[in-house]
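Participant: Have a look at this prediction, sequence included:
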Amino acid sequence: MLHSLRSHRRPLITLVLVGALALVLLLAVPGARPVQTLTRTGHDFTYYDDANHTNVVGYRYYCIGYSGGWGLITGYSEIGDFPCN
């Protein structure tokens, strides 16, 4: 059993190192992910009652240190830029 573990140690370490390097490169490349997925800061969300965006039922904005809004948060929304100062 110990011999089997030793024979798999080098490929396992190599696999872990390659995975860590890939993760670092993915996070370091600008534009690899949209900014909206990184943070809500500087964005506002308008929430609707249905998929057709018929009626506005809520609104939220997010900035560093403060946020606000009113109404309901639903699964139907539009994201926009919010001018944080």
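Facilitator: Perfect, thanks for sending it.

Participant: What segments of this protein are strands?
Facilitator: Counting by DSSP state E, the chain has strands at residues 43-48, 56-63, 66-71, 76-81.

Participant: any idea which of those strands is most buried?
Facilitator: strand 43-48 (a mean of 19; mean count of other CB atoms under 10 Å). For the C-beta atoms, the positions are set from N, CA and C on the backbone; glycine is no exception.

Participant: Worst mean pLDDT across the helices and strands of this protein, which element?
Facilitator: For the chain, the helix or strand with the lowest mean confidence is helix 35-38, at a mean of 45 (criterion: mean pLDDT, DSSP states H and E).

Participant: hmm, back to that, what would the strands of the chain look like in CSV with mean pLDDT and distance to residue 19?
Facilitator: Formatted as CSV, the strands of the chain follow (pLDDT from 0 to 100; distance: least, CB to CB, whole Å):
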stretch, mean pLDDT, distance to residue 19
strand 43-48, 93, 31
strand 56-63, 93, 32
strand 66-71, 92, 35
strand 76-81, 92, 31
